[in-house]
Structure formats: structure tokens, C-alpha cells
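# what's the 3D shape of this:
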Amino acid sequence: MRELLILLIFLGWHGVGAQETGAPAKCTTHRCSWCVENAVCVKGTFCSCPPPFIGNGYFLCWRPDQWDVCQVCDDPVITTENNENVAVSYLDETLLVDKTILASRCRIRVTEWRRRVRGKSFPWCIFVRLDLSDSYGKPKFSVVFKVFYFADSFCNIRYVIHKGSIIFGEPNTNLRMSMWRVITDKDKLVYVLYERGCQISFQIVLGRILLIKMPCCEHTIGIRPIVTKYIWLKGGFFLLAPKTPPQILPLPLPTFLPLCLRPGWTVNSVARALGLTNTRHAMSFVAMTNGIVDNVNGKNAMATALAKCSAPQLKTLLNDVDFIYSSAPFIREISGSHSGYGVILQLMRKAAKWFCEGDYDSCQFILSAIGTRASGLVRNPVKYPSLTAFVAKNCTAL
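Residues are numbered from 1 along each chain as shown. Okay, here's the model as predicted:
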């Protein structure tokens, strides 16, 4: 939290985003000015990915015969490395990527943070860790960087990068991070972070995307914040990974299953392994419990409570209180003036204690919060059926 406060003060952040000094740039209304690499402007009106490329002409065009791709966009929808799309819900942070590349002896992990704006989920930070090993598989050092990204009301975009490293075998292996660089969407230069033979480049490319190339780990990341002025313009994260053969989903599931999955790992197989039938619920559960870098707002307590649920209990919980973690109007009303997801995390923890442990007081806590802050939504059962159904049960049955 202290790091975030320092960052916001540095940016002069107010509400939607940090404004540039001097005369502000105007948001361009020409869609083709947002075309990304490999995209074409069609009839001067919109961007598209021409064959053999696929994707979204405003975010990423790639060749499926060359790359495995993961994307997490908007509020959010994920495209896994198995090229399946599913809407998910998660709170504060989630582990997107965790894989080891044997050829380069590198393990890459990517965690994404999200913030809440009027109940909706917006990406605003990624945390990347690269663990490099020697030829015997013994860890040598880790390169770590964190990127905060924002767009203001004038469509100016800036990326604030912090860096750090860990050298194994030295007396003090604690991770220490420091501000490294601020890159705006007007920058034309390539900035290189070089740590003990691992070179990482940061460059603004077409579409105002920050492209991060990591040849020491054979992967490329791209990020861009959501520009709220343009609902057609995707914002979020993508990962380009070298093409690999399909794999079999390990069972039982890893404790920290990355949301991007791997080629061959289907969302249906994840749901079955969890004893669920709804793939959105399954992937949302994975996103809410798959790893915590910073235990912000009590997420660890929520994840621990959810982990105690049996498969039938989890299925009922995720269905009956779907409104708590996925309804933007409910999240907006119940959170009130509280920033972040602290209130929602608390309600999800209480829901787990009610559905999975039979804690009556936890159920009453949820009802009290709804009655105090979201009673207006309860009066609209057609629009909010799961919310009104939960209230109607009045903690009398599971």
C-alpha cells in the first residue's frame, strides 16, 4: 500500500488518471490510428487482422501456427493458451502465468492486479518474476519487475516500471524493488533492463501498447490500460509463447494453477477436476485462489475459507452468491466509498463459512450488509435473481 501511495503521488493521480503537464493531447477519434502490428486498416474505418493472422486489430494480431497466446482483457475475458475464451471474475490479484522453459532454464511467473472503478474491474499492474537456473537446475538469480499502467481522460498513457532482483547464495536474498523508469505512449526509444545476462526490453509499439521482450525466457508480454473513452478498444495483457505440443492437465490440480492454462488444458477439464459444471465459475474460483503476492484486503483469509469447501458445497456457493463477486452494480453498491475489493473479499469469506461450515452468523452478516447498502437491488428480482433468491432464503437452508 505504501508503494502505491508513493506512486500515485509521483503521478499526480486524480480519479481516472494522471494528466500530462502543459497542453493535453486530444483523444484521436480515428480508429485506424489504434491499429496494432500486423493489423490493416479496412476502408479507412476499422482495424482487422488479415490472414494468416488472427485476433483483434486493436490489441493483438498473431499467427496461431507460430505462437501460443494468452490474453486477459477488459472486465475480464480470458483467452487461454489452449485458445478458449471464458469470462472470469477475480478480486485484486491473480496468477496468470507459471511455467518453466527447459531450453533456457527459466521459470516465468506473471501476476495481474486489478482495481475497481464504479463496480467494474480494470487492469492496472502486472508483476513479473523470472527465475534463472544453472545447467544443473540450481537457482542462480531472479529478475523481478512490476509495471503500473494508466490512461487519463485525454487518452495519454503512461507505464511506471519498478525493478528488483534476487541473487541466490548471497547472505541477503530479500527482494528489494525500486523505481526504474516511466514510459509514456509518446516515447520512441527502446529501454533495456539488463540483469546478469538477462536482457529485457520495453518499447511502445503500434496501438500504444508496451511490448516487453524477454529473450532470456523466450516470452513476450504486451499490456495497455483500458481507455474508457473508447469501449471498442481492448485493454489488458497478452503473452506470446513459443508453440508447444498439447499437454495433459495434471491431476490433482496444482495448488496454484495459472489462469492462462497451457495448450491441451481445457477449461472443461478444469471444471471437471473441481467438481463443477459451469466453466465461468470454475475459472473464477481458480483466479480467486491461485496465488497471492501481496495479501491485500484479506485475500489470503478468503482463499483459505474457499479451500475448505467440498466440491458440492463449492458448486452451490459459486452459483448462489455469484452476485457477490461478478455483479458490477452489486459491487458498486455494497462497497460504497471503500476503494479496492476489501468489502467483497470479506463477503466471499463469510459466504464460504456459511455454505461450507454452516456458520449462521456469517450468513446473517451478509444479509445485514445487503440490507444496509444494496436493498435497492433486491427490489428488482428480474434484473438480480440470484441476489433476491439469496435474501429470500433468509439463512434458513443450505
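# Just give me the residue right at the centre of the chain.
Centroid-nearest residue in the chain: Glu112, 3.9 Å away (criterion: Cα atoms, centre = their mean).
# mind checking pLDDT for that one?
Among the per-residue scores, Glu112 shows a pLDDT of 94.
# Ok, the one 5 residues further on next?
At Val117 the predicted local confidence, pLDDT, stands at 79.
# Bridging across strands, which residues link to it?
Assessed by DSSP bridges, Val117 has beta-bridge partners Lys120.
# That one and Ile231, how far apart?
14 Å (Cβ to Cβ, to the nearest Å). Bear in mind the C-beta positions are built from the backbone N, C-alpha and C, glycine included.
# Asp187 now?
Going from Asp187 to Ile231 by Cβ to Cβ gives 26 Å.
# Do a quick rundown of the strands in the stretch 201-350 of the chain.
Assigned by DSSP state E, counting those that start in this stretch, the strands in the stretch 201-350 of the chain fall at 209-214, 219-224, 236-242.
# Now those in a markdown table, please, with extra columns for distance to Gly164.
Listed next are those as a markdown table, based on distance: least, Cβ to Cβ, whole Å:
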| stretch | distance to Gly164 |
| --- | --- |
| strand 209-214 | 15 |
| strand 219-224 | 17 |
| strand 236-242 | 20 |
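# Same list (those strands) but as CSV, adding mean pLDDT.
CSV is the format used below for the strands of the stretch 201-350 of the chain (pLDDT from 0 to 100):
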stretch, mean pLDDT
strand 209-214, 97
strand 219-224, 97
strand 236-242, 95
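# got a list of what Ile324 touches?
For Ile324, the contact set (Cβ atoms under 8 Å, 6 or more residues apart in numbering) comprises Phe330, Ile334, Ile344, Leu347, Met348, Ala351, Ile366.
# Now intersect these with the helices, please.
Phe330, Ile334, Ile344, Leu347, Met348, Ala351, Ile366 (DSSP state H).
# Just to check, the fourth one is in contact with Ala369?
When you say that, I think you mean Leu347. Yes - between Leu347 and Ala369 a contact is recorded at 6.5 Å, counting by Cβ atoms under 8 Å.
# Can you tell me the element Phe127 falls in?
Here Phe127, judged by DSSP states H and E, is contained in strand 120-133.
# Tell me the helices and strands packed up against the helix or strand following that strand.
Counting by DSSP H and E, the next helix or strand C-terminal to strand 120-133 is strand 139-151. For strand 139-151, the elements it packs on are strand 120-133, strand 157-167, strand 176-184, strand 190-195, strand 198-205, strand 209-214, strand 219-224, judged by 3 or more Cβ pairs under 8 Å, 6 or more residues apart in numbering; DSSP states H and E.
# so which of those strands gets nearest Thr279?
strand 120-133 (18.4 Å; Cβ to Cβ).
# can you give me how far that closest one is from the chain middle?
8 Å (Cα atoms, centre = their mean, to the nearest Å).
# CA atoms only: put it into PDB for me.
Extracted as PDB, the C-alpha positions of strand 120-133 are listed here (Å, rounded to 0.1, in the frame of the first residue of the first chain):
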ATOM      1  CA  LYS A 120     -16.200  -2.700 -12.900                       C
ATOM      2  CA  SER A 121     -12.800  -4.400 -12.900                       C
ATOM      3  CA  PHE A 122      -9.900  -2.700 -14.600                       C
ATOM      4  CA  PRO A 123      -6.300  -4.000 -15.100                       C
ATOM      5  CA  TRP A 124      -3.600  -1.600 -13.700                       C
ATOM      6  CA  CYS A 125      -0.500  -3.600 -12.700                       C
ATOM      7  CA  ILE A 126       1.500  -6.700 -13.600                       C
ATOM      8  CA  PHE A 127       4.200  -8.400 -11.500                       C
ATOM      9  CA  VAL A 128       6.700 -10.500 -13.400                       C
ATOM     10  CA  ARG A 129       9.300 -12.800 -12.000                       C
ATOM     11  CA  LEU A 130      11.900 -14.700 -14.000                       C
ATOM     12  CA  ASP A 131      13.900 -17.400 -12.100                       C
ATOM     13  CA  LEU A 132      17.100 -18.400 -13.900                       C
ATOM     14  CA  SER A 133      18.900 -21.700 -13.100                       C
END
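# for that strand, which positions count as buried?
120-133 (16 or more other Cβ atoms under 10 Å).
# same deal with stretch 350-367?
Lys350, Ala351, Ala352, Lys353, Trp354, Phe355, Cys356, Asp359, Ser362, Cys363, Phe365, Ile366.
# next one: the strand or helix carrying Cys363 to chain centre, how far?
Under the criterion of DSSP H and E, Cys363 resides in helix 360-373. Relative to its chain's centre, helix 360-373 lies at 29 Å (Cα atoms, centre = their mean).
# who does that helix touch, helix- and strand-wise?
Helix 360-373 sits against helix 328-335, helix 342-357, helix 385-393, with contacts defined as 3+ Cβ pairs under 8 Å, 6+ apart.
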